[in-house]
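K.L.:
Let me see the structure of the following:
(2 chains)
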Amino acid sequence: MTEIVLERERMSDSKAGIEKGRSLWEDAFNRLLKNKMAVIGLAYLLFQTVIAVLAPWIARFPFDETNLALGAIPPDLVHFFGTDDLGRDMFTRVIYGSRISLMVGILATAVSVVIGVLYGAISGYVGGRTDDMMMRILEILYSLPFIFFVIILMVLFGRNIYLLFVALGLIEWLTMARIVRGQVVSLKKVEYIDAARSMGVGHFRIIADHLIPNVLGTVIIYVTLTVPGVILEEAFLSFLGLGVQEPMSSWGTLISDGVAAMQTYPWMLIFPCVTLMLTLLALNFLGDGLRDALDPRASKD
Amino acid sequence: MLKFILKRLLSVIPVLWVVATITFFLMRLAPGGPFSSEKQVPEEILRNLEAKYHMDEPLPMQYVRYLGQVAKGDLGPSFRYTSRTVNEIIAETFPVSAVVGLLGLLYALMIGVLSGIFAASKPNSLRDYLSMAFSMIGICLPSFVIGPMFMLIFAIKLEWFNVSGWNEPKDIVLPALTLGTMYAAYFARLTRAGILDVIKQDYIRTAHAKGLPEWLVMFRHTLKGGLLPTVSFLGPAAAAILTGSLVVESIFNIPGLGRFFVQSALNRDYTLVMGTVLFIALLIVVMNLLVDIAYAFLNPRISYD
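P.N.:
Sure, this is the predicted structure:
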């Protein structure tokens, strides 16, 4: 009985004002908010980003100011993370490092998204022999040791930070292309695409207006998993001395400096390591949460 | 099956050709030759050097010559270590990397698979959450973070191992642990996910129904299908461990292929860099092939052609 009453009430409500429907994105967002670890991860990343953006105003010391008289001192109330062997404030260096690391992560991922989505969408949409050909090329590219090419590039053309964005982006688009292609192939058979085509909508408009918005969820999930990959690769290259150069610092160069000094000044190693680890953890938790939220069927558990 | 293997073997050739071509032209397009970074050499000597390495010929001819050489398995002389060939250097340094890498991979597999089974045997229990939390932390510990940390704890504070070097058998422990830890974490997650996927299948229910003890169901029935994701990740993991050796060998000062590669890149030793990249590409391709074959054996649903 009560159910019927409730139903009547609901119906009269919707007559009074047009009931506001919930979009799939709202649903996904609500699901995401229920995942505690993902929310913590998101909050941490926002915090980290704000600090990175505001670094010049937050830092109380110039990032390249050396103070040889001071030397390396352990963390205290003036230097939260201590100072390095040249007397530079480690807290300042870590937050300036986060600018480089996050920027590389975001820009290189953007490069990979543009290439990967275009390549995957075209391959899946055109289909047939073109698709075969493009996927065969992808397979060959998959087996290339890309990070070695990046190392060669960095050595040969100098450690140029813009080159680094592009080079790392060029590595990471392969999986993106493959995922997008798979989605597009299955979407292509859906009725509304047929409808659009029969109305005479052009190929470009179909890809841009119908296909890409529908693969967006998958792309977002994969982006949150690509960013930590790129941050790791940048740190890896910088650690080997092939990434950003002094006096600029990224987490990789700081860790590398920390390794050199760890016997005497362990704080030079510990703080950059912990910062990098927390960022990666946050990104992974957010990525897991997004996958559960945006694609409930694909959830692993 | 034989046809499948042959087909895969043939597909190795275009990959290696692409790698050889990219590395060759990257090197040649770069500003400055291998001899320009050294101190000023007289014009004549420079010309002699270039003639010796055939660098005075037109580019296409050099390219064809290089491909021909590589096809015969000759990677040429090293520019920097003038008395040795690239083949010799690889033959000398690769075994060191291989031992460290294999041990690291074995350790990763053992720890990863065992903790995956441990976690999946009681889903959503405390042990499941704990193992998955640990593996999440492991995924966020790249070799250049965990290596120095291990060094700080086990070599400097506890003094169980040497800080670096390659003299005693126990020098292998820290590098192998460093290389393997991140992949142990990946294997744990993949194994758990794989097992949880299989556990819902009818044949597992049947095995339980006929009264097999829990552990026998796990080891005889569940693992066979449950390990498939883990096996298919072996190829990428082995490749990544090879890349990881660049960092680990540099941290622990091990005379392996990875450290030589970084040094030769910094020295602009073109032939050594090209040779190493080609060799590593070959290794990766062969490993992927082996993994595919193992996968086909484990999963009878896969067709061979």
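K.L.:
Going by C-alpha atoms from here, please, whenever you check contacts or count neighbours.
P.N.:
OK.
K.L.:
Residue numbers of the stretch 1-150 of chain A in contact with chain B?
P.N.:
A:140-141, A:143-145, A:147-149 (Cα under 8 Å from any Cα of the partner chain).
K.L.:
and those as JSON lines, adding pLDDT and neighbour count?
P.N.:
Shown next, in JSON lines, are the residues of the stretch 1-150 of chain A next to chain B (pLDDT from 0 to 100; neighbours: other Cα atoms under 10 Å in any protein chain shown):
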{"residue": "A:140", "pLDDT": "78", "neighbour count": "17"}
{"residue": "A:141", "pLDDT": "81", "neighbour count": "16"}
{"residue": "A:143", "pLDDT": "72", "neighbour count": "19"}
{"residue": "A:144", "pLDDT": "75", "neighbour count": "22"}
{"residue": "A:145", "pLDDT": "75", "neighbour count": "22"}
{"residue": "A:147", "pLDDT": "78", "neighbour count": "17"}
{"residue": "A:148", "pLDDT": "80", "neighbour count": "21"}
{"residue": "A:149", "pLDDT": "80", "neighbour count": "20"}
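K.L.:
wait, which of these is closest to residue A:279?
P.N.:
Closest approach between those and residue A:279, by Cα to Cα: residue A:147, at 22.0 Å.
K.L.:
from the chain's centre, how far out does the helix or strand hosting that closest one sit?
P.N.:
Under the criterion of DSSP states H and E, residue A:147 resides in helix A:146-156. In this view, helix A:146-156 has its centroid 22 Å away from the chain centroid, taken as Cα atoms, centre = their mean, to the nearest Å.
K.L.:
same thing with stretch B:192-203?
P.N.:
That offset, for stretch B:192-203, works out to 29 Å (Cα atoms, centre = their mean).
K.L.:
quick check, it touching chain A?
P.N.:
Yes - Stretch B:192-203 lies within reach of chain A by Cα under 8 Å from any Cα, at B:193, B:196.
K.L.:
so how many other residues sit close to the closest residue to chain A within the stretch 101-250 of chain B?
P.N.:
Per Cα to the nearest Cα, residue B:140 is where the stretch 101-250 of chain B lies closest to chain A, at 5.5 Å. Residues near residue B:140, counting by other Cα atoms under 10 Å in any protein chain shown, number 23.
K.L.:
what's the answer for residue B:164, then?
P.N.:
18.
K.L.:
same thing with residue A:73?
P.N.:
Residues near residue A:73, counting by other Cα under 10 Å: 19.
K.L.:
so how far is residue A:87 from it?
P.N.:
8 Å (Cα to Cα, to the nearest Å).
K.L.:
What residues does residue B:271 make contact with?
P.N.:
B:75-79, B:86 (Cα atoms under 8 Å, 6 or more residues apart in numbering or on different chains).
K.L.:
Which stretches in the chain count as helices?
P.N.:
If you meant another chain, say so; for now it's chain A. A:2-16, A:24-34, A:36-53, A:55-58, A:90-126, A:128-142, A:146-156, A:161-187, A:191-198, A:203-205, A:212-239, A:251-261, A:267-294 (DSSP state H).
K.L.:
um, chain B though
P.N.:
Going by DSSP H, chain B shows helices at B:2-10, B:12-29, B:43-52, B:59-71, B:86-120, B:126-139, B:143-150, B:173-199, B:202-209, B:214-216, B:223-226, B:228-251, B:257-267, B:270-298.
K.L.:
Just name the most buried of the ones you listed.
P.N.:
helix B:173-199 (a mean of 25; mean count of other Cα atoms under 10 Å in any protein chain shown).
K.L.:
what's the offset of that one from the middle of its chain?
P.N.:
That offset, for helix B:173-199, works out to 15 Å (Cα atoms, centre = their mean).
K.L.:
now do stretch B:233-241
P.N.:
Centroid displacement of stretch B:233-241 relative to its chain, using Cα atoms, centre = their mean, is 6 Å.
K.L.:
Residue B:56: neighbouring residues, count only.
P.N.:
14.
K.L.:
That one reaches residue B:50, doesn't it?
P.N.:
Yes - contact criterion Cα atoms under 8 Å: residue B:56 and residue B:50 qualify, at 5.7 Å.
K.L.:
As TSV, the helices of chain B with distance to residue A:208 and mean pLDDT would be great.
P.N.:
Below are the helices of chain B laid out as TSV (distance: least, Cα to Cα, whole Å; pLDDT from 0 to 100):
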stretch	distance to residue A:208	mean pLDDT
helix B:2-10	37	79
helix B:12-29	33	81
helix B:43-52	53	72
helix B:59-71	42	82
helix B:86-120	42	88
helix B:126-139	36	85
helix B:143-150	41	85
helix B:173-199	35	87
helix B:202-209	43	84
helix B:214-216	52	81
helix B:223-226	39	80
helix B:228-251	33	82
helix B:257-267	43	81
helix B:270-298	36	81
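K.L.:
could you dump these to a markdown table with distance to residue A:281?
P.N.:
Listed next are those as a markdown table, based on distance: least, Cα to Cα, whole Å:
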| stretch | distance to residue A:281 |
| --- | --- |
| helix B:2-10 | 38 |
| helix B:12-29 | 34 |
| helix B:43-52 | 51 |
| helix B:59-71 | 43 |
| helix B:86-120 | 19 |
| helix B:126-139 | 7 |
| helix B:143-150 | 14 |
| helix B:173-199 | 13 |
| helix B:202-209 | 35 |
| helix B:214-216 | 33 |
| helix B:223-226 | 26 |
| helix B:228-251 | 20 |
| helix B:257-267 | 28 |
| helix B:270-298 | 29 |
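K.L.:
want to throw the helices of chain A into a markdown table with distance to residue B:127?
P.N.:
Shown next, in a markdown table, are the helices of chain A (distance: least, Cα to Cα, whole Å):
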| stretch | distance to residue B:127 |
| --- | --- |
| helix A:2-16 | 42 |
| helix A:24-34 | 23 |
| helix A:36-53 | 18 |
| helix A:55-58 | 41 |
| helix A:90-126 | 34 |
| helix A:128-142 | 36 |
| helix A:146-156 | 37 |
| helix A:161-187 | 33 |
| helix A:191-198 | 47 |
| helix A:203-205 | 51 |
| helix A:212-239 | 26 |
| helix A:251-261 | 33 |
| helix A:267-294 | 19 |
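K.L.:
Let me see the residues that make contact with the helix holding residue A:147.
P.N.:
Against helix A:146-156 from outside (Cα under 8 Å, 6+ apart): A:160, A:163-164, A:167-168, A:171, A:237, A:242-243, B:23, B:26-27, B:30-31, B:243, B:265-266, B:268, B:277.
K.L.:
Please give me every residue in contact with the closest residue in space to residue B:245 that isn't next to it in sequence.
P.N.:
Nearest non-adjacent residue to residue B:245, counting by Cα to Cα, 6 or more residues apart in numbering or on different chains: residue B:258, 5.4 Å away. For residue B:258, the contact set (Cα under 8 Å, 6+ apart) comprises B:97, B:242-243, B:245-247, B:249-250.
K.L.:
how does it look with 10 Å?
P.N.:
If you count contacts by Cα atoms under 10 Å, 6 or more residues apart in numbering or on different chains, residue B:258 has them with B:93-94, B:96-97, B:242-250, B:264, B:276, B:280.
K.L.:
Over to residue B:143?
P.N.:
Contacts of residue B:143 by Cα under 10 Å, 6+ apart are A:236, B:149, B:175, B:177-182, B:241, B:244-248, B:251.
K.L.:
Sort out which one of those lies nearest residue A:287 for me.
P.N.:
residue B:182 (17.9 Å).
K.L.:
And the closest one, how close does it get to residue B:115?
P.N.:
From residue B:182 to residue B:115 the distance is 14 Å (Cα to Cα).
K.L.:
Can you check which residues contact both of these two?
P.N.:
residue B:135.
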